[in-house]
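S.K.: Show me how the following folds:
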Amino acid sequence: MQTLPKLPVSPVTAAVIDDLLVGVAHMTTDAVLLTNAEGRVLWSNAAFERLTGYERSETVGAQPERLLAGTATDRLSTMRLHAALLSGESWRGEVQHYRKDGTEFWHEVTVSDLASSLEASPNYRLCIGRDVTERRTLARRFLELSSVMELSMDGIAVLDERQCIRIANGAFARLHGYATGAELEGRNWRSFYARAQLDVFDRGILQQLALHEQWHGEVTGVRADGSAYPQELTLSLLSGGMALVVRDITERVAYEEALHHLSLSDPLTGLYNRRGFMLLAQPLLTVATRQPGDTLLLYFDLNHFKPINDEFGHHVGDHALVEVAEILRATFRESDLIGRLGGDEFAVLAVNSEDPTGDVVLDRLDKHVAERNARGTRPYVLSIGRGVARCTTDAPQSLEHLLELADAEMLAGKRSR
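M.R.: Numbering: from 1, shown residues only. Next up is the predicted model:
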């Protein structure tokens, strides 16, 4: 391989180059020192003066490791720095040093032997330093934040500018079916939600977040096994990213649903109580009157309920009511709304029925009652009174009026018998 010939450098050119190198050394933001084989400063640049507060006249001839040492300076690091300056061996480390005014700073120092890279005498060492206090402070705060995050029972994840997880605590990982937060680093946060939930985020939640820099509410998350769970979510915008705080509210939601169910259902029969029936029947009736087909409101009661209670006891009367509920469930469709309005009174709202008079469903009801009575296992005969009210798209009726009509028909039937 052909080598380029060495060009002679004139003394004038060498002086110019020296001036340029000195100028560059003064312009750099890193502190630069030139020391001799005894580890004493021969020259320093302007950045060193700005970093330490020492003027060049104060640094020349001094040993930098002693000039900058203080009460909190690690002695082992000082000894290593001094040994590198004497031996010419390369060394790099971070040392807590002190400025002239006594303020502390963390100093990243690199020592190199100029003879190893330049045609120079092995008597010169180059020291380059920079203030890394802020970096170390941020690193310490990051470790503190990580420790606090790990203590939290809530799942916490911090995202980068690409909306990928930079750090996640153990609780966040466990909530989603993973062992550690490290497994999730680099994953996009959207992977923890199903498509339907992401649509909700995109249609409104993220716009609210952009406006107010924070959003709090309840959403549905997805675990690693694909199972969904309700969560309380807080989103907060950060500089260059976003933070998520997640709390599993499965137990709370189940408890609230249980309370809601108790408030709408009859504890004896498991049917809707009056409040639940009226609450659900009205919107169902409103929709049904706009669709083809008849809507039937059927009213029932247990005949001779008072004599059953008086003669055989309330526990037998309760059992009779449970039987009525079971017969109604067996008679009507799952789409029909069945409720116990109180005492021995029951109601059923059957929408989009193909049985305009209710005769078909009442025949089925009588068949089920007869089957129960044929068993002969109780001291009374089960008998159910009934009344039917009809509503069509041509002649809509209110729920209250339908109940009155069905109740009146039931009473009329009892009187006629």
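S.K.: quick one, what contacts residue 412?
M.R.: By Cβ atoms under 8 Å, 6 or more residues apart in numbering, the contact list for residue 412 reads residue 387. The C-beta positions use only the backbone N, C-alpha and C, and glycine is treated the same way.
S.K.: got the phi/psi numbers for it?
M.R.: Note on residue 412: backbone dihedrals following degrees, to the nearest 10 are phi -60, psi -40.
S.K.: quick one: low-confidence parts of the chain?
M.R.: Residue ranges of the chain with pLDDT under 70: 1-26, 115-122, 259, 291-292, 417.
S.K.: Work out for me the element the one residue sitting closest to the centre of it sits within.
M.R.: Per Cα atoms, centre = their mean, the C-alpha nearest to the average position across the chain is that of residue 246, at 3.2 Å. Taking DSSP states H and E as the criterion, residue 246 maps to strand 241-248.
S.K.: and if you look at residue 208?
M.R.: Taking DSSP H and E as the definition, one finds residue 208 inside helix 206-212.
S.K.: Domains in the protein, by residue range?
M.R.: Using automatic domain parsing, the domain parsing of the chain gives 11-131, 138-252, 266-416.
S.K.: Format these as JSON lines; extra columns: distance to residue 258.
M.R.: Formatted as JSON lines, the domains of the chain follow (distance: least, Cβ to Cβ, whole Å):
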{"stretch": "domain 11-131", "distance to residue 258": "57"}
{"stretch": "domain 138-252", "distance to residue 258": "10"}
{"stretch": "domain 266-416", "distance to residue 258": "12"}
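S.K.: List the strands paired with the host helix or strand of residue 233, with their directions.
M.R.: Per DSSP H and E, residue 233 falls inside strand 228-238. Strand 228-238 pairs in its sheet with strand 214-222 (antiparallel), strand 241-248 (antiparallel), by DSSP bridges.
S.K.: how deep is the closest residue to residue 225 other than its chain neighbours tucked in, by neighbour count?
M.R.: Leaving aside its sequence neighbours, residue 225 sits nearest to residue 177 (Cβ to Cβ, 6 or more residues apart in numbering; 5.7 Å). Neighbours of residue 177 under the rule other Cβ atoms under 10 Å: 12.
S.K.: Then residue 170?
M.R.: Neighbours around residue 170, by other Cβ under 10 Å: 18.
S.K.: contacting residues for it?
M.R.: 150, 180, 181.
S.K.: most surrounded residue in the residues you listed?
M.R.: In the contacts of residue 170, the most neighbours by other Cβ under 10 Å go to residue 181, 22 neighbours.
S.K.: pretty sure that one contacts residue 175?
M.R.: No: Residue 181 is beyond contact range of residue 175, at 10.7 Å (criterion: Cβ atoms under 8 Å).
S.K.: circling back: where does the residue nearest to residue 225 fall, phi/psi-wise?
M.R.: Dihedral angles for residue 177 - degrees, to the nearest 10 - are phi 90, psi 20.
S.K.: Next: residue 384.
M.R.: phi -120, psi 120.
S.K.: residues contacting the closest residue to the residue nearest to the centre of the chain other than its chain neighbours?
M.R.: Leaving aside its chain neighbours, residue 246 sits nearest to residue 155 (3.9 Å; criterion: Cβ to Cβ, 6+ apart). Each residue near residue 155 by Cβ under 8 Å, 6+ apart is listed here: 168-169, 171-176, 244-248.
S.K.: Sort out which of those residues are buried, if you could.
M.R.: 168, 169, 171, 172, 173, 175, 176, 244, 245, 246, 247, 248 (16 or more other Cβ atoms under 10 Å).
S.K.: In a markdown table: those residues, plus distance to residue 316.
M.R.: Below are the buried ones among the contacts of residue 155 laid out as a markdown table (distance: Cβ to Cβ, whole Å):
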| residue | distance to residue 316 |
| --- | --- |
| 168 | 60 |
| 169 | 59 |
| 171 | 54 |
| 172 | 56 |
| 173 | 57 |
| 175 | 51 |
| 176 | 53 |
| 244 | 58 |
| 245 | 56 |
| 246 | 52 |
| 247 | 49 |
| 248 | 46 |
